[in-house]
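Peer 1: prediction below, plus the sequence it came from.
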Amino acid sequence: MMDPQTLATRLVGDVVSEDYRRAAALKRFGIDSCCGGRVTLGAACQAQDVALDDVAAALAASDAHGAAALPRVTAWDPGFLADYVVNEHHTYVREAVPVLRAFIQKVAHVHGAQRPELVEIEALFEALATELAEHMASEEGAAFPRIKALSDGRATGGPPLGDLVGDLETEHEGAGALMAEIRRLSDGYTPPDDACATYRATFAKLEEFEDDLHRHVHIENHVLFPKALALDERPPA
């Protein structure tokens with residue numbers, strides 16, 4: 001098992017960056033590995049009132065799981081990583097939003113009178129979809145071209161990259177807060193016992209969407225942005 005005392009001093013984001021399968025283990029303890037990744041694991045355990053030894057055991061079990069690990073994004077250069085985020089995560093969001101919107105609208109219309117939280121979820125998801133669309137357009141139009149230029153060793157202009165990154169990370173926090181409220185209102189995406197097939201499919205798709213969003217934000221906050229900022233700080237050749 002991982003040494004709990006060593007783990008206690010490590011940042012959550014760094015622990016997950018080594019093997020993203022660990023994010024699912026932390027999620028079971030309520031530990032946020034994307035927007036909350038810049039705190040130590042010890043502090044995160046204290047905040048959730050969970051035992052560090054239990055978390056260490058769960059992380060060790062996730063490492064030993066037979067499923068293949070996800071791509072080792074920490075080994076990729078920032079330009080390639082920016083393209084990966086667009087191709088993998090931005091594409092997913094753009095494909096998933098219309099499907100989820102139709103599902104959520106249907107269950108809110110049919111069941112909203114008896115379960116008003118569904119109406120709240122519908123409004124929150126619309127706000128999240130709008131925020132993500134604007135956020136991805138900003139990344140693809142400004143931040144990512146700058147990062148790719150830096151990665152290729154080309155000169156860049158415009159506002160400091162750190163300012164762009166700071167704005168994007170603030171937007172990540174906003175999106176994460178909306179997603180967390182959807183999770184709360186849905187009781188952790190748990191449908192009632194008498195839920196119809198569409199109701200169940202909606203909650204399952206929402207949880208899938210949240211999982212992808214967490215990985216998306218984790219890659220940007222804890223891998224892509226630090227790599228890009230390090231390149232931006234290099235002295236000129």
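Peer 2: Perfect, I can see it now.
Peer 1: I'd say residue 34 and residue 176 touch.
Peer 2: Yes. Between residue 34 and residue 176 a contact is recorded at 6.5 Å, counting by C-beta atoms under 8 Å. The C-beta positions use only the backbone N, C-alpha and C, and glycine is treated the same way.
Peer 1: so where's this protein shaky on pLDDT?
Peer 2: When residues are selected by pLDDT under 70, those of the chain lie in 1-2, 64-71, 155, 233-237.
Peer 1: where do the helices sit along it?
Peer 2: Per DSSP state H, the chain carries helices over the ranges 4-8, 12-18, 21-27, 41-48, 52-64, 78-84, 91-111, 117-138, 144-151, 161-185, 197-219, 225-232.
Peer 1: returning to what we had before: ok, residue 34 and residue 176, which is more surrounded?
Peer 2: A count of neighbours by other C-beta atoms under 10 Å puts residue 34 above the other of residue 34 and residue 176, at 24 against 19.
Peer 1: list the contacts of the residue nearest to that one when sequence neighbours are not counted.
Peer 2: With sequence-adjacent residues excluded and distances taken as C-beta to C-beta, 6 or more residues apart in numbering, residue 34 is closest to residue 217, at 3.9 Å. Residues in contact with residue 217, defined by C-beta atoms under 8 Å, 6 or more residues apart in numbering, are 34-35, 172, 175-176.
Peer 1: make a markdown table from the residues you listed and add distance to residue 212 to it.
Peer 2: Shown next, in a markdown table, are these (distance: C-beta to C-beta, whole Å):
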| residue | distance to residue 212 |
| --- | --- |
| 34 | 11 |
| 35 | 15 |
| 172 | 14 |
| 175 | 12 |
| 176 | 13 |
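Peer 1: determine which two of those are furthest apart.
Peer 2: Farthest pair in these (C-beta to C-beta) is 34 and 175. Separation: 9.7 Å.
Peer 1: shared neighbours, the two?
Peer 2: Contact criterion C-beta under 8 Å, 6+ apart; residues bridging residue 34 and residue 175 by contacting each: 213, 217.
Peer 1: give me the most central residue, this protein.
Peer 2: The residue lying closest to the centre of the chain (C-alpha atoms, centre = their mean) is residue 214, at 1.7 Å.
Peer 1: please name the nearest non-neighbouring residue to it.
Peer 2: residue 34 (4.6 Å).
Peer 1: can you list residues touching both of residue 34 and residue 176?
Peer 2: 213-214, 217.
Peer 1: I'd like to know how far residue 167 sits from residue 132.
Peer 2: The gap separating residue 167 from residue 132 is 15 Å, by C-beta to C-beta, to the nearest Å.
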